[in-house]
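> whatever this is, show me its structure:
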Amino acid sequence: MSAIRAAYLERTKSSAGLFAQATSLMPGGTSRQASFWAPYPLTIKRGAGPRFWDIDGHEYLDLINNYTAMVHGHAYPPIVEAARKQIGDGTGWAAANEPQCRLAELIVDRVPAIERVRFTNSGSEAGALAFTIARIITGKNKLLMARWGYHGSLLEFEIGSFGKEGPLTHLATYNDLADFETVLSEHGDDIAAVFLEPVLGASGVIRGEADFLHGVKSAAHEAGALFILDEVLTLRFAIGGCQAGIDIAPDLTMLGKIIGGGFPVGAIGGGADLLKIFDPADMKVFHTGTFNANPVTMVAGEVSLRELTAERIERMDQLRQSLQSGLVGVAKKHGLPLATNHYGSCLNMYFSESVPESSIVRDDDDVIGKFHLACINHGLFIAPRGMIALSTVTGDEHIAEAIERADMAMRDVAAEIE
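Numbers count the residues shown, from 1 in each chain. This next block holds a predicted model:
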């Protein structure tokens with residue numbers, strides 16, 4: 001047995017026991033694929049700031065922050081205080097609440113293309129709702145997305161995230177404008193919307209070129225389709241999201257993660273003319289949800305957005321640069337090839353000479369799997385696919401600590417692949 005795997009099994013016995021129980025209650029022991037890895041995932045007991053602790057009592061420096069959602073780390077005191085107060089006042093009722101107006105106003109002020117907001121309980125729901133809007137507005141039924149893009153767990157999106165087309169899903173190559181134009185030219189009569197991420201997150205932090213995104217928007221409009229930008233992950237990169245940086249105004253914007261302050265959330269934002277289909281005075285589609293815009297999520301999201309300032313965004317970017325440089329250095333020290341993609345406060349690691357087209361088609365699965373477990377053994381938590389997302393509570397001392405722990409993990413990996 002691998003020494004790395006054996007060490008993981010030895011230090012995580014309580015997690016192993018709870019996972020065995022979970023498999024008798026839930027398929028595969030989980031309700032979230034992204035939180036599973038072999039031989040079994042950790043079970044976390046609590047988190048605070050940039051760290052969390054598992055049920056075996058081990059402490060970890062968290063460098064993925066729930067896949068970018070915990071932009072202020074764990075149990076961020078201002079969010080905890082706001083949520084605790086709201087919980088004491090009630091967690092939901094079948095009527096309006098004040099916090100939803102405050103959070104909506106923050107979003108509208110922050111993102112110029114958004115005039116109206118519709119809240120959901122996840123980014124996946126936001127994607128499904130965006131597709132519904134597009135189908136009603138255009139009278140067409142299909143969508144076009146990037147191969148290996150990710151827009152949530154709606155079946156039509158999941159098919160595309162694995163690089164496959166489906167009955168309602170067309171695919172084209174990311175950053176290849178000609179390919180998108182060809183698909184829209186051939187199938188535009190059926191395509192209601194084009195969905196794109198300005199940065200492919202699940203596929204490895206791949207930056208979309210500005211000319212590509214602007215070109216796809218133009219081609220979508222020429223084909224009579226809506227252009228929908230998925231900023232569920234990327235709103236953390238700038239005050240107005242990636243769209244502000246490249247001066248593009250999508251028809252609809254998908255939001256989630258950081259706008260909930262650690263609670264379940266999603267939203268669709270766009271022009272008043274498009275979102276008026278939900279207005280009860282002239283309703284074109286019935287959309288509801290027991291916990292949509294619930295006051296606890298709204299107050300947490302309000303704090304999260306208000307405290308994600310331009311200065312903090314820039315600081316996270318600087319720390320990511322330091323971490324990236326340090327990781328490359330320790331990989332070289334141990335004779336391991338290391339290539340990285342990055343954008344803002346996020347990066348993705350590949351133990352190969354160059355970055356692949358997507359994390360889905362990488363050729364270092366064995367090495368990255370060993371490195372992920374080795375990192376855990378040394379108290380460092382990253383995504384199994386090598387993704388890292390920093391938080392505003394990350395400091396210079398945490399970067400130094402992360403590099404030191406990654407050094408030990410790479411030493412263990414190098415010893416196993418000699």
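> identify the single longest helix in the chain, thanks.
Secondary structure of the chain read by DSSP state H shows that its longest helix is helix 310-333.
> okay, now L327: neighbour count?
With neighbours defined by other CB atoms under 10 Å, the count for L327 comes to 21. Where C-beta positions appear, they are placed from N, C-alpha and C, glycine not excepted.
> ok, it - contacts?
Taking CB atoms under 8 Å, 6 or more residues apart in numbering, we find L327 in contact with L338, T340, M349, I403, A406.
> ok, residues contacting stretch 293-312?
Under the criterion CB under 8 Å, 6+ apart, residues 71-72, 76, 78-79, 82-83, 85-87, 89-92, 97-100, 102-103, 106-107, 110, 119, 121, 236, 238-239, 258-265, 291, 392 lie in contact with stretch 293-312.
> span of that stretch from start to end?
End-to-end distance of stretch 293-312: 26 Å, with CA to CA, to the nearest Å as the criterion.
> contact partners of stretch 384-392?
Identification of contacts with stretch 384-392 by CB under 8 Å, 6+ apart yields 37, 50, 62-65, 67-68, 70-73, 201, 204-205, 236, 307-308, 312, 315-316, 319-320, 323, 345-350, 359, 362, 368-369, 371-372, 382.
> which among the contacts of stretch 293-312 end up buried?
When the contacts of stretch 293-312 are checked for burial by 16 or more other CB atoms under 10 Å, the buried set is 71-72, 76, 79, 82-83, 86, 97, 99-100, 103, 106-107, 110, 119, 121, 236, 238, 258-265, 392.
> out of these, which sit inside strands?
When the buried ones among the contacts of stretch 293-312 are checked against strands using DSSP state E, the ones located there are F119.
> so which of the buried ones among the contacts of stretch 293-312 belong to helices?
Counting by DSSP H, those place I79, A82, A83, Q86, P99, Q100, L103, L106, I107, R110 in helices.
> now the buried members of the contacts of L327.
Under a neighbour-count criterion of 16+ other CB under 10 Å, the subset of the contacts of L327 counted as buried comprises L338, T340, M349, I403, A406.
> need these in TSV with distance to K13, can you?
Putting the buried ones among the contacts of L327 into TSV (distance: CB to CB, whole Å) gives the following:
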residue	distance to K13
L338	32
T340	34
M349	28
I403	29
A406	25
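> and of the residues you listed, the nearest to V355?
For these, the residue nearest V355 by CB to CB is T340; the value is 7.2 Å.
> what's in contact with stretch 50-62?
The contact list for stretch 50-62, computed with CB under 8 Å, 6+ apart, reads 11-15, 18, 42-47, 70, 73-74, 376, 379-381, 391, 393-395, 398, 401-402, 405.
> average model confidence for that stretch?
Regarding stretch 50-62, the rounded mean pLDDT is 98.
> same question, stretch 103-122
Averaging the model's pLDDT scores along stretch 103-122 yields 98.
> at the geometric centre of this structure, which residue do we find?
The structure's the chain has its C-alpha centroid closest to L233; by CA atoms, centre = their mean the separation is 4.1 Å.
> what about the strands in the stretch 51-200 of the chain?
Counting by DSSP state E, counting those that start in this stretch, one finds strands in the stretch 51-200 of the chain at the ranges 51-54, 59-62, 116-120, 142-146, 169-172, 191-196, 199-200.
> now, of the contacts of stretch 384-392, which are buried?
Buried subset of the contacts of stretch 384-392 (neighbour count, 16+ other CB under 10 Å): 50, 62-65, 67-68, 70-73, 201, 204-205, 236, 308, 312, 315-316, 319-320, 323, 345-350, 359, 362, 368-369, 371-372, 382.
> low-scoring stretches of the stretch 51-200 of the chain, by residue?
Along the stretch 51-200 of the chain, no part satisfies pLDDT under 70.
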